[in-house]
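Engineer: predicted model, plus sequence, below.
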Amino acid sequence: MRTTAAFLLLLTASLAIAQAPQQAPAKDDEPTESQIEIYRIVPGQQEAFLRDIAKWDEANRMAGVPPRQLYVHQDGASWDFLLIQPSHLTPEQSKAVHDAATKLGLPHGHAFFLEIRKYVLEHTDTSTEGPTTAADWLSKLKK
């Protein structure tokens, strides 16, 4: 049963990525790396969690970084929210987000860890590469 649930979560994430607005291609037209986060939230804390995510998205906006892509659970598995965002920021982008978050009074480091955990029952994340095709990915084996 646990294997089935994990498979369904990965399938859901894959479908979300496939339907997500495309990120700008990397300079060399290679697929980009994305971070997929799947959250199950403490009952009654969904709105508060989203309000905090919206604050971080505002920090991203202020720093010139796109907001996270948000998917809200509708039916099926037990997760509440799925977030997709770039896996890596440049040092300049990281500093700009940090500065914007500080300006907005958002917690950093260990304080962020404790703040976000008050909402989370369960959290998984994974890194992906894409969007791509099977043929394009297989072509990398020849390099």
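Structural biologist: Yep, that arrived.
Engineer: now whichever strand or helix holds R51 - C-alpha only, CSV.
Structural biologist: Assigned by DSSP states H and E, R51 belongs to helix 46-62. The C-alpha trace of helix 46-62 is given here as CSV (Å, rounded to 0.1, in the frame of the first residue of the first chain):
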residue,chain,number,x,y,z
GLN,A,46,-4.1,25.0,5.4
GLU,A,47,-4.9,28.7,5.1
ALA,A,48,-2.1,29.8,7.4
PHE,A,49,0.4,27.6,5.5
LEU,A,50,-0.7,29.2,2.2
ARG,A,51,-0.5,32.7,3.7
ASP,A,52,3.1,32.0,4.6
ILE,A,53,3.9,30.6,1.2
ALA,A,54,2.3,33.7,-0.3
LYS,A,55,4.7,35.9,1.7
TRP,A,56,7.7,33.9,0.4
ASP,A,57,6.3,34.2,-3.1
GLU,A,58,6.2,38.0,-2.5
ALA,A,59,9.9,37.9,-1.5
ASN,A,60,10.6,36.0,-4.7
ARG,A,61,8.7,38.6,-6.7
MET,A,62,10.5,41.5,-5.1
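Engineer: in the next helix or strand after it, what's buried?
Structural biologist: Following helix 46-62 in sequence order, the next helix or strand is strand 69-72 (DSSP H and E). Residues of strand 69-72 classed as buried: Q69, Y71 (neighbour count, 16 or more other C-beta atoms under 10 Å). Yep, even glycine has a C-beta here, placed from its N, CA and C like the rest.
Engineer: now the helix or strand following strand 69-72: buried residues?
Structural biologist: Using DSSP H and E, the helix or strand that follows strand 69-72 towards the C-terminus is strand 81-86. Across strand 81-86, burial judged by 16+ other C-beta under 10 Å covers F81, L82, L83, I84, Q85.
Engineer: pLDDT added to those, as TSV?
Structural biologist: Below are those laid out as TSV (pLDDT from 0 to 100):
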residue	pLDDT
F81	98
L82	97
L83	97
I84	97
Q85	94
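Engineer: now, which of the residues you listed sits nearest R61?
Structural biologist: Q85 (12.9 Å; C-beta to C-beta).
Engineer: show the contacting residues for the residue lying closest to that closest one once chain neighbours are set aside.
Structural biologist: Spatially, and ignoring its direct neighbours in sequence, Q85 is nearest to R68 (4.5 Å; C-beta to C-beta, 6 or more residues apart in numbering). R68 is in contact with I53, W56, D57, N60, L83, I84, Q85, counting by C-beta atoms under 8 Å, 6 or more residues apart in numbering.
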